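> kindly generate the corresponding structure for this input.
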Amino acid sequence: MQSVTIMLNTVTDVKTFVNVVSKYDFDVDLVSGRYAIDGKSIMGIFSLDLSKPIRVEVRSDDASAFFEEIKPFIKEEA
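Have a look, this model is predicted:
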């Protein structure tokens, strides 16, 4: 598992993020506090507190292309 911390500041950011995640067949979870939701669920993402950083957990051995695509949202490597 690999993880990074992201920020999704606008509705457009959330839509773009979900579109990127949906292209990949591996699991992507978003963790905020005690909540973990599916990164492909736009409604799930909107249920999180988007004013705080969100940890993205990727369950894949080779997710380099995915991380490259979400680079604009990454705040720090976890």
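
> give the contact list for the residue nearest to the spatial centre of the chain.
Centrality entry for the chain: nearest residue to the mean C-alpha point is residue 56, 4.5 Å, by C-alpha atoms, centre = their mean. Contacts for residue 56 (C-beta atoms under 8 Å, 6 or more residues apart in numbering) come out as 3-6, 28-31, 39, 70. Every C-beta, even on glycine, is put in place using the N, C-alpha and C of the backbone.

> can you tell me which of those residues has the most neighbours?
With neighbours taken as other C-beta atoms under 10 Å, the top of the contacts of residue 56 is residue 39, carrying 25 neighbours.

> about what we covered before: who's the residue nearest to the centre of the chain bridged to?
residue 4, residue 30 (DSSP bridges).

> look up how far residue 34 lies from it.
16 Å (C-beta to C-beta, to the nearest Å).

> go on, residue 40?
20 Å.

> and those two? Which one has more around it.
residue 40 (19 against 5).

> doesn't residue 21 make contact with the more buried one?
Yes. With contacts counted by C-beta atoms under 8 Å, residue 40 reaches residue 21, the gap being 5.2 Å.
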